[in-house]
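K.L.:
Can you look at this prediction? I've put the sequence above it.
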Amino acid sequence: MGTNGHNLITVIDIGSAKTAVILGEVAEGGLKYRGHGTAESRGTRKGAIVDLEKAAAAVHHAVERAELVSGATIANAIVTVGGTLVRGVNSRGGLTLGSRPRDVTRDDVRQAIERARSVAIPADREMLHLLPQEYIVDQQGAIRDPLGMTGAKLEVNLHIVTASSSQSQSVVTAANKAGVSADDTVFEALAAAEATLRPDERELGVCLIDIGAGSSELIVYFEGSVAHTGVVPIGGDHFTNDVAVGLRTPLSEAEKIKKNFGHAVVTQVPEGREIEVPGVGDRASRLMPQRLLAEILEPRASELFEYVSDNLRSGGVQDALGAGIVLTGGGSRLPGLLTVAEALLNVPARLASPTPLSKLPASLAEPEYATALGALHYAYRARVARRVPEENSFRARMRTLLERVSVL
Ligand SMILES: Nc1ncnc2c1ncn2[C@@H]1O[C@H](COP(=O)(O)OP(=O)(O)OP(=O)(O)O)[C@@H](O)[C@H]1O
Ligand SMILES: [Mg+2]
């Protein structure tokens, strides 16, 4: 999984704004940063690849830089998948263990999962993750590990994440075209959660929102398991577009203005402050009130969290957020966004940067890299789980097996 040699793991995160390649080294004390490369993304729109050649060129560029920095050759990688065509559904399945109660075996667990996953998935979709939520032995639920328990019936609740086949295939193909074999895929929000969420948040109930450039991926944990996943069709680029149209300035200038002076809450911008706005074409720059910029950004921020709210309601998890919401991704850096999120979702919110890895450069300890760094942790955990001796590793290996993604 994302290996180059026996102790390196590589992640490729093809975002709408940037393509990031990060190498980690599996060392004695855990996972270490080994190198990275980034490139401006090309050929992506709304979180999905629309031009393979351009996307592959960006991957190639980022891979070359990462190879230069790390001194390693990148042959394999784990790639991230996001965008509005990713879906999450819950499913239950199980089996009768016989006419009299008996002990639950590994085979029973496998069969229960097999039945729960056999829900109809359209031919144009691929399974990204199978995430067990709880096992139920006879009437008793909330079981994390049913092995060795006694009962007459075993059931499992699973959360299944799927993506459109063409979409997950394109990230794999973009990597392949750049000379890297993509041997695993991970849903962006699941990856970002690995780098940002605390165990107590996952227990109490939390929603992580990875606000990217083209879309925002979300994942909800409750009682330690994944309860819901979703994607909403708004990211940082939508804010930039609004600024370009509203202030009549080129997109590149709108992006700078948004980052330097943007705020999502109008009343928090002092009246009377002015900003310089370059004109389109030959038109001269103008001075405009900074509040006007916030007046453009605030409705978009509200719309983003209204989408999130609808998505949580459709997943039936709106009341499961005891630990509130966590924002990450480049788009989360807009000042005032937390206030809008808290007001619309009625729960406390915090901003999260990825937990730093040993030797990680400070420039990567930023919300934009939560997904790529989380994917590295994800691949590392799966690798470690595979190495644990047979006896006590069943759960870990089962999890690895279930979280595995086969798009190849
Ligand atoms: N200081 C800031 N204020 C507001 N927005 C910001 C700031 N810094 C970055 N952004 C926005 O964050 C977005 C990029 O975030 P990120 O790198 O996480 O996206 P991505 O991973 O490339 O895209 P996606 O995940 O949607 O495919 C851009 O839209 C950018 O304008
Ligand atoms: Mg992203």
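P.N.:
Cool, the structure landed. Keep in mind that this is a model prediction, so the values were computed, not measured. Ligands and ions are numbered 1, 2, ... in the order given.
K.L.:
tell me the contacts of the closest residue to ligand 2 within the stretch 301-408 of the chain?
P.N.:
In the stretch 301-408 of the chain, no residue comes nearer to ligand 2 than T371, which is 4.7 Å away by Cβ to the ion. Placement of C-beta: from N, CA and C, glycine included. Contact partners of T371, counting by Cβ atoms under 8 Å, 6 or more residues apart in numbering, are D13, G15, T80, G82, E188, A191, A192, A195, D210, G212, G329.
K.L.:
What about the third one, how many residues nearby?
P.N.:
Taking other Cβ atoms under 10 Å as the neighbour definition, T80 ends up with a count of 26.
K.L.:
Likewise for G98?
P.N.:
Neighbour count for G98, taken as other Cβ under 10 Å: 10.
K.L.:
Then G24?
P.N.:
Other residues near G24 number 30, with proximity taken as other Cβ under 10 Å.
K.L.:
now the one 10 residues further on
P.N.:
Burial measure for R34: 24 neighbouring residues, criterion other Cβ under 10 Å.
K.L.:
looking just at contacts, which helices and strands does the helix or strand where it lies meet?
P.N.:
Using DSSP states H and E, R34 sits in strand 30-40. When contacts are defined as 3 or more Cβ pairs under 8 Å, 6 or more residues apart in numbering; DSSP states H and E, strand 30-40 packs onto strand 18-27, helix 52-70, helix 370-387.
K.L.:
6 Å - rerun?
P.N.:
strand 18-27, helix 52-70 (3 or more Cβ pairs under 6 Å, 6 or more residues apart in numbering; DSSP states H and E).
K.L.:
Could you export the first one as PDB, CA atoms only?
P.N.:
So that's strand 18-27. Output of strand 18-27 as PDB, limited to C-alpha atoms (Å, rounded to 0.1, in the frame of the first residue of the first chain):
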ATOM      1  CA  LYS A  18      -3.000  21.800  -5.600                       C
ATOM      2  CA  THR A  19      -1.500  18.400  -6.100                       C
ATOM      3  CA  ALA A  20       0.500  17.200  -3.100                       C
ATOM      4  CA  VAL A  21       2.800  14.200  -2.900                       C
ATOM      5  CA  ILE A  22       4.100  13.300   0.500                       C
ATOM      6  CA  LEU A  23       6.600  10.500   1.400                       C
ATOM      7  CA  GLY A  24       6.700   9.000   4.900                       C
ATOM      8  CA  GLU A  25       9.200   6.600   6.300                       C
ATOM      9  CA  VAL A  26       8.200   3.800   8.600                       C
ATOM     10  CA  ALA A  27      10.900   4.000  11.300                       C
END
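K.L.:
Flag every residue of the stretch 151-300 of the chain that's near ligand 1.
P.N.:
The stretch 151-300 of the chain has residues G212, A213, G214, S215, G235, G236, D237, T240, E255, K258, K259, G262 near ligand 1, with proximity defined as Cβ under 6 Å from any ligand atom.
K.L.:
Can you report how many residues neighbour the last one?
P.N.:
So the one you mean is G262. The number of residues packed near G262 is 26, by other Cβ under 10 Å.
K.L.:
That one reaches L297, doesn't it?
P.N.:
Yes - the criterion here is Cβ atoms under 6 Å, and G262 meets it with L297 at 5.5 Å.
K.L.:
Which neighbours do those two have in common?
P.N.:
The overlap between the contact sets of G262 and L297 (Cβ atoms under 6 Å, 6 or more residues apart in numbering) is empty.
K.L.:
Tell me if stretch 330-350 is near ligand 2.
P.N.:
No - with Cβ under 5 Å from the ion as the measure, stretch 330-350 is seen stopping short of ligand 2, the closest distance being 7.4 Å.
K.L.:
Ends of that stretch, what's the gap?
P.N.:
For stretch 330-350, the first-to-last residue distance is 14 Å (Cα to Cα, to the nearest Å).
K.L.:
Please apply the same query to stretch 258-274.
P.N.:
14 Å.
K.L.:
Spatially, and excluding backbone neighbours, which residue is closest to P233.
P.N.:
T84 (5.0 Å; Cβ to Cβ, 6 or more residues apart in numbering).
K.L.:
How is the one you found classified with respect to secondary structure?
P.N.:
With DSSP: H, G, I helix; E, B strand; the rest coil as the basis, T84 sits in coil.
K.L.:
my read: it touches V231, true?
P.N.:
Yes - with contacts counted by Cβ under 6 Å, T84 reaches V231, the gap being 5.0 Å.
K.L.:
Which residue, other than its chain neighbours, is closest to N176?
P.N.:
Leaving out its chain neighbours, the residue that sits closest to N176 by Cβ to Cβ, 6+ apart is A182, at 6.5 Å.
K.L.:
Could you say which helix or strand holds that neighbour?
P.N.:
Judged by DSSP H and E, A182 forms part of strand 181-187.
K.L.:
Can you pull out the residues in contact with whatever helix or strand comes next after that strand?
P.N.:
Using DSSP H and E, the helix or strand that follows strand 181-187 in sequence is helix 188-196. Here helix 188-196 makes contact (Cβ under 6 Å, 6+ apart) with 80, 82, 208, 210, 217-219, 328, 352, 354-355, 370-371, 373-375, 377-378.
K.L.:
Stretch 170-180 now?
P.N.:
By Cβ under 6 Å, 6+ apart, stretch 170-180 touches 12, 14, 49, 52, 55-56, 59-60, 63, 74, 77, 79, 81, 182, 407.
K.L.:
Report the buried residues of that stretch.
P.N.:
S170, V171, V172, T173, A174, A175, N176, A178, V180 (16 or more other Cβ atoms under 10 Å).
K.L.:
from the residues you listed, which is closest to ligand 1?
P.N.:
Using Cβ to the nearest ligand atom, V171 comes nearest to ligand 1 of these, at 10.7 Å.
K.L.:
Thank you kindly, that will do.
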